[in-house]
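Chemist: the sequence and its predicted three-dimensional model are supplied below.
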Amino acid sequence: MLSRVAERIYWMARYLERAENTARLINVNAHLLLDLPKKLPLGWRPLIDISGYGKLFDDLYPEPSERNVTRFLVADNRNPSSLLLSLNNARDNARAIRDIIPREGWEVINALYLDTKASLPMGLAQKRRFEFLHAIIGRVEQMTGLLAGTMLRNAGYNFLRMGRNLERADMTTRIVDVRSESLLPQEPEELLPFENIQWMSVLQSLSGYQSYSQKIQGPVRRRNVVRFLLQDPEFPRTFLYCVGQVKQCLRDLPHKRDAVKLIDRTLRSIRRARLEEMDKDGLHKYIDKLQLRLARLDGVITGTYFAL
């Protein structure tokens with residue numbers, strides 16, 4: 001397989017996953033704020049922090065209001081990770097490899113981008129936003145299932161899965177990190193009963209609430225949620241599972257030694273981590289290390305397979 005084709009497949013998968021994750025975050029945050037007392041100052045700023053573009057947002061918008069944050073995350077082309085730009089980038093990559101991916105896959109991505117762009121006024125309106133974003137999530141999942149059911153199990157499919165799982169692992173660490181900082185109640189004590197609602201929203205951001213309930217069979221608590229989302233080996237959006245899937249994808253590829261070594265070190269670290277003993281600062285520092293390793297892994301994959 002040509003390196004430019006592999007790179008297109010890899011980034012198509014990452015951009016699709018990024019668009020879906022953005023849609024999930026906005027919908028879940030809106031529902032969370034309805035369930036919490038208005039005196040709890042959470043608001044919409046955490047979504048900007050999760051995106052990693054806080055400085056850019058502050059330069060472009062006067063305040064993190066609901067309207068400004070949703071516009072920045074959904075439709076602002078100045079935001080490199082906006083939903084619309086992510087779909088556009090996924091579409092551009094898919095168009096370049098139309099002879100590699102199933103034809104129906106290209107048609108779904110193309111239609112998804114065009115329909116999303118045409119429906120933006122509705123999607124940015126508060127009353128219709130949930131419906132708009134829910135439809136995008138469903139169509140990205142449709143695309144994921146279509147590719148899983150029709151693509152040859154060759155190098156191209158391995159790069160597709162690598163891109164999707166790296167993007168998922170990155171988003172999971174971002175959500176756990178920012179939500180631990182912004183949602184963990186400290187004072188006053190009357191806010192403590194809302195802790196389970198807050199951490200339920202974290203699970204719902206990753207469609208993990210039902211799986212968590214089946215595995216943990218107990219109340220939703222910070223230490224259990226953090227351990228589940230970072231260390232569970234079975235749920236498809238946990239850090240441990242996603243990084244392990246990247247290793248599986250590398251199994252049949254050449255020149256994989258450096259990437260596999262880095263993955264093995266990362267997997268040993270997350271399996272041994274005593275997350276329940278970490279306070280807020282300790283967890284933040286540890287997740288920073290995980291994110292640096294993900295960035296390094298992306299660099300190794302790029303340098304090995306894409307950079308000519």
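Modeler: That came through fine.

Chemist: C-alpha from now on. contacts and neighbour counts both.
Modeler: Noted.

Chemist: low-scoring stretches of the stretch 151-300 of the chain, by residue?
Modeler: Across the stretch 151-300 of the chain, the ranges flagged by pLDDT under 70 are 181-195.

Chemist: what ranges does it have for its strands?
Modeler: Counting by DSSP state E, counting those that start in this stretch, no segments of the stretch 151-300 of the chain form strands.

Chemist: give me the domain ranges for this protein.
Modeler: The record assigns the chain these domain ranges, following automatic domain parsing: 1-151, 153-308.

Chemist: how far out from the middle of the chain is the shortest one?
Modeler: Which is domain 1-151. When C-alpha coordinates are averaged (C-alpha atoms, centre = their mean, to the nearest Å), domain 1-151 and its chain have centres 10 Å apart.

Chemist: then stretch 300-308?
Modeler: For stretch 300-308, the separation from the chain centroid amounts to 23 Å (computed by C-alpha atoms, centre = their mean).

Chemist: now stretch 244-251
Modeler: The answer for stretch 244-251 is 18 Å, by C-alpha atoms, centre = their mean.

Chemist: extract the CA atoms of it and return them as PDB.
Modeler: Only the C-alpha atoms of stretch 244-251 are listed here, as PDB (Å, rounded to 0.1, in the frame of the first residue of the first chain):
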ATOM      1  CA  GLY A 244      -4.200  -2.300  22.900                       C
ATOM      2  CA  GLN A 245      -6.200  -2.300  19.600                       C
ATOM      3  CA  VAL A 246      -3.500  -0.100  18.000                       C
ATOM      4  CA  LYS A 247      -0.900  -2.700  18.900                       C
ATOM      5  CA  GLN A 248      -3.100  -5.400  17.300                       C
ATOM      6  CA  CYS A 249      -3.300  -3.300  14.100                       C
ATOM      7  CA  LEU A 250       0.500  -3.100  14.000                       C
ATOM      8  CA  ARG A 251       0.900  -6.900  14.300                       C
END
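
Chemist: ok, residues contacting that stretch?
Modeler: Asn158, Phe159, Arg161, Met162, Asn165, Leu166, Lys256, Val260, Ile263, Leu267 (C-alpha atoms under 8 Å, 6 or more residues apart in numbering).

Chemist: ok, the last one touching Tyr241?
Modeler: No - counting by C-alpha atoms under 8 Å, Leu267 does not reach Tyr241; the two are 9.4 Å apart.

Chemist: check the gap between the closest residue in space to Leu297 that isn't next to it in sequence and Gly244 for me.
Modeler: In space, and not counting its chain neighbours, Leu297 is closest to Ala259: 6.3 Å by C-alpha to C-alpha, 6 or more residues apart in numbering. Distance, Ala259 to Gly244, using C-alpha to C-alpha, to the nearest Å: 12 Å.

Chemist: same check, this time on Asn27
Modeler: Distance, Asn27 to Gly244, by C-alpha to C-alpha: 29 Å.

Chemist: do Asp170 as well
Modeler: From Asp170 across to Gly244, the span is 13 Å (C-alpha to C-alpha).

Chemist: which of these two has more neighbours?
Modeler: Shown here are Asp170 and Gly244; by other C-alpha atoms under 10 Å, Asp170 has more neighbours (21 against 17).

Chemist: OK, contacts around that one?
Modeler: The neighbours of Asp170, taking C-alpha under 8 Å, 6+ apart as the test, are Phe239, Gln291, Leu294.

Chemist: please redo it, this time with the cut-off set to 10 Å
Modeler: Contacts for Asp170 (C-alpha atoms under 10 Å, 6 or more residues apart in numbering) come out as Arg18, Arg237, Thr238, Phe239, Cys242, Val243, Leu290, Gln291, Leu292, Leu294, Ala295.
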